[in-house]
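S.K.: My questions are about this predicted structure, shown below with the sequence.
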Amino acid sequence: MVVQNSINEDESDIAFSKAIERVKLARHADRPYTSDFISKLFTEFIELRGDRRFADDPALICGFAHFHNIPVAVMGHQKGRDTKQRRFRNFGMPKPEGYRKALRVMKLAEKYDRPIITFIDTPGAYPGIDAEERGQAEAIARNLFVMSRLRVPIIVTIIGEGGSGGALAIGVGDQILMLENSIYSVITPEGCAAILWKDAGQASHAAESLRLTAEDLFKLKIIDKIVVEPKTGAHTSPEETARSLDESILLSLNQSRYLSSVERLTKRYEKLRMLGY
């Protein structure tokens, strides 16, 4: 019995290590961001700014482009490489005006019958008092409601961190893809550990418990496909990662494009209803 317990503890430690290593790779400073994938995968990108109500939010990049000669709308969270850019992009944490800008572009995409491609990479929505005053929760909820009913194809890819409602606000889609070393969770491992154990140092245990890796989420049917990265991570070969992602997005887009809007909405509804079963 003692030997069996020892083996379980060793296996548990290995699992903790694997999960937290994925967290580190997802947050790697040189990991490709939304702007990198836009430049590698799309042509004729035109950025749209502002929510027509308050301001522009640099934490979300939104616009129109061509993907394999298909006119599309594209949007995603954007972090910064250096201190100046990180402050400008608010570390990839959007405010309400960012989500309202995304919603504006999505509605335009539906109007002009353009598929929507989104990239998720955020630790979460900005939790500041000013954001709450301007309706952060309502903006996220509105996006969830509207995205579930958009008639055009929506392809979502988690390329780094997928944190809580900040990720979900552009994460309702027909196909959910996920880069191999990305994470997707209701809370950060550090935040979870601080709540459960009053110790952020328990983040590795929290990471395993949250089931936030691509493998875990694929087994749970939260995501539809894992996009393979270079063996040592996307940051070591952005070009190779972009090629893999390009093929996966195109395949998923074609699977959704040729459905009627009624079939597409029915499948999207069924997909959402099956989450958690």
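M.R.: Ah, there it is. Numbers count the residues shown, from 1 in each chain.
S.K.: And the longest strand belonging to the chain, what does it pack against?
M.R.: The single longest strand within the chain, with elements called by DSSP state E, is strand 154-163. Strand 154-163 sits against strand 116-122, strand 175-179, strand 183-185, helix 238-257, with contacts defined as 3 or more C-beta pairs under 8 Å, 6 or more residues apart in numbering; DSSP states H and E. Just so you know, the C-beta spots here come from the backbone N, C-alpha and C atoms, and that holds for glycine as well.
S.K.: and the shortest one, what does it pack onto?
M.R.: Using 3+ C-beta pairs under 8 Å, 6+ apart as the contact criterion, the elements in contact with strand 183-185 are helix 2-26, strand 154-163.
S.K.: Show me what whatever helix or strand comes next after the longest one is in contact with.
M.R.: Put plainly, it is helix 2-26. Sequence order places helix 34-41 as the next helix or strand after helix 2-26, per DSSP states H and E. By C-beta atoms under 8 Å, 6 or more residues apart in numbering, the surrounding residues in contact with helix 34-41 are 45, 61, 65, 67, 74-78, 119, 121, 159, 238-239, 242, 245-246, 249.
S.K.: Generate a ChimeraX selection restricted to the buried subset of those residues.
M.R.: With 16 or more other C-beta atoms under 10 Å as the criterion, this ChimeraX line picks the buried residues out of the contacts of helix 34-41:
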select :45,61,65,67,74,75,76,77,78,119,121,159,238,242,245,246,249
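S.K.: deepest of the helices and strands packed on strand 154-163, which one?
M.R.: strand 116-122 (a mean of 28; mean count of other C-beta atoms under 10 Å).
S.K.: Buried ones in the helix or strand following that strand, by neighbour count?
M.R.: Later in the chain than strand 116-122, the nearest helix or strand by DSSP H and E is helix 129-133. Neighbour counts over helix 129-133 (16+ other C-beta under 10 Å) mark Ala131 as buried.
S.K.: likewise stretch 181-199?
M.R.: Buried residues in stretch 181-199, counted by 16+ other C-beta under 10 Å: 181-185, 187-194.
S.K.: what do you get for stretch 101-109?
M.R.: Counting neighbours by 16+ other C-beta under 10 Å, the buried set in stretch 101-109 is Lys101, Ala102, Leu103, Arg104, Val105, Met106, Ala109.
S.K.: same question, stretch 21-31
M.R.: So, applying 16+ other C-beta under 10 Å, buried residues of stretch 21-31: Arg22, Val23, Leu25, Ala26, Arg27, Arg31.
S.K.: what distance separates the start and the end of it?
M.R.: Using C-alpha to C-alpha, to the nearest Å, one end of stretch 21-31 lies 14 Å from the other.
S.K.: Output the below-cut-off pLDDT ranges for this structure.
M.R.: 1-17 (pLDDT under 70).
S.K.: try 90
M.R.: 1-19, 200-201, 231-232, 272-277 (pLDDT under 90).
S.K.: At the geometric centre of it, which residue do we find?
M.R.: Geometric centre of the chain, nearest residue: Ile120, 2.3 Å, by C-alpha atoms, centre = their mean.
S.K.: Spit out the contact partners of that residue.
M.R.: 76-77, 156-162, 167, 170-171, 184.
S.K.: and Arg100, how many neighbours does it have?
M.R.: 25 (other C-beta atoms under 10 Å).
S.K.: element containing it?
M.R.: Element membership for Arg100 (DSSP H and E) is helix 96-111.
S.K.: same question, Ile140
M.R.: Per DSSP H and E: Ile140 is located in helix 136-147.
S.K.: Show me which positions of that helix end up buried.
M.R.: Buried positions in helix 136-147, judged by neighbour count with 16+ other C-beta under 10 Å: Gln136, Ala139, Ile140, Arg142, Asn143, Leu144, Met147.
S.K.: what's the spacing between the fifth one and Ile116?
M.R.: What that stands for is Asn143. Asn143 sits 12 Å away from Ile116, going by C-beta to C-beta, to the nearest Å.
S.K.: Quickly list what's touching both of the two.
M.R.: Met106.
S.K.: wait, isn't Lys107 in contact with Val146?
M.R.: Yes. Counting by C-beta atoms under 8 Å, Lys107 sits close enough to Val146 to count as a contact (7.4 Å).
S.K.: Give me the contact list for the helix holding Arg100.
M.R.: Residues contacting helix 96-111 (C-beta under 8 Å, 6+ apart): 48-57, 59-60, 62-64, 72-73, 75, 114-116, 125, 131, 134-136, 138-140, 142-143, 146-147, 150-152, 169-170.
S.K.: Good, we can wrap up now.
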